[in-house]
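Q: Using only what follows, build the 3D model:
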Amino acid sequence: MEEFDGETYEDPFMKDLVNFVADSHFQSLFENYFVTYSNEFSDEEEHKLRYYELYTEFQSLFEEQLLIFCDSQNLTIKEFVNKCNESSTKNIKSKHYVDILLSSCEYNTFVTLMKLMRRMREHTTYNTNAESKTTDSNIDSKGVPSEIKNPTAKWDHDTNTNANTNDSNLVEHRGESKVVEHRNESKENRMHK
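A: The predicted model follows:
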């Protein structure tokens, strides 16, 4: 896609940022992380505390890489954020790229990606070991799960609807961020409390 090719950007900052993220070192670092830990994610609605632990590790890894980029550009984090905002207001393609990059750091997007990666690994293992094709309606005639063909459609949907879900919330407790699990209670149960 043109969007992920730094050479298609006029803005030197965006060109360098896109090329940095597209670089094989950056890509393999995160691919290895996803492959290593995606098997810990399930399709259950309730999120395990481990998900948040892995998310914070991922976030730290991501921030380390952004600091490396900032150092290479002689930028502070504040200057980096300002340049992202400035580029986003000047060009819709830059805005879209920055939005994608930053959304990858959101907890719900991370969990969705990890679940998708787990399914991809399972599918790869299945195809390697299986002797017959599956009849699962979510798998096409070539054996590719539908969410693998267009994962961003699901991510966009999840990102847009997560504000309305109650899977988990991040709360501050004595200065520590924690994931708090909760379920919707029936109206009757709430009335009796």
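
Q: Quick check: R121 vs E46, distance?
A: Using Cβ to Cβ, to the nearest Å, R121 is found at 22 Å from E46. Any C-beta I mention is one placed from the backbone N, CA and C, and that applies to glycine too.

Q: Kindly apply the preceding question to L29 instead.
A: Distance, L29 to E46, by Cβ to Cβ: 30 Å.

Q: So for C84, what's the pLDDT?
A: Per-residue pLDDT puts C84 at 94.

Q: Equivalent analysis for N184, please.
A: Value for N184, per-residue pLDDT: 35.

Q: do S104 as well
A: S104 is assigned a pLDDT of 86 by the prediction.

Q: what do you get for E7?
A: 85.

Q: re the thing from before, between R121 and E46, which has more neighbouring residues?
A: When R121 and E46 are compared for neighbours, R121 comes out ahead with 14 against 11, by other Cβ atoms under 10 Å.

Q: Which helix or which strand is home to that one?
A: Using DSSP states H and E, R121 maps to helix 107-129.

Q: And the helices in this structure, which stretches?
A: Along the chain, the stretches classed as helices by DSSP state H are 12-22, 24-37, 49-72, 77-90, 92-103, 107-129, 146-149, 151-161, 187-191.

Q: In this structure, where is pLDDT below threshold?
A: Residues of the chain that meet the criterion pLDDT under 70 lie in 1-3, 125-193.

Q: what would the helices of the chain look like in TSV with distance to F4?
A: Output for the helices of the chain, formatted as TSV (distance: least, Cβ to Cβ, whole Å):
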stretch	distance to F4
helix 12-22	6
helix 24-37	10
helix 49-72	16
helix 77-90	15
helix 92-103	8
helix 107-129	16
helix 146-149	17
helix 151-161	12
helix 187-191	47
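
Q: for these, which one sits closest to G6?
A: helix 12-22 (3.5 Å; Cβ to Cβ).

Q: Next, the residues that contact the closest one from outside, please.
A: 4-7, 9, 26-27, 69, 72-73, 83-84, 87, 91, 94, 97, 101 (Cβ atoms under 8 Å, 6 or more residues apart in numbering).

Q: can you check stretch 54-61 too?
A: Contacts of stretch 54-61 (Cβ under 8 Å, 6+ apart): L29, F30, Y33, Y37, E40, C105, Y107, F110, V111, M114, S177.

Q: Taking these, please make a ChimeraX selection of just the buried ones.
A: Buried subset of these, written as a ChimeraX selection, criterion 16 or more other Cβ atoms under 10 Å:
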select :30,33,37,107,110,111,114
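
Q: could the contacts of stretch 54-61 go into TSV alongside distance to L54?
A: Below are the contacts of stretch 54-61 laid out as TSV (distance: Cβ to Cβ, whole Å):
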residue	distance to L54
L29	15
F30	13
Y33	9
Y37	5
E40	7
C105	13
Y107	10
F110	8
V111	9
M114	7
S177	14
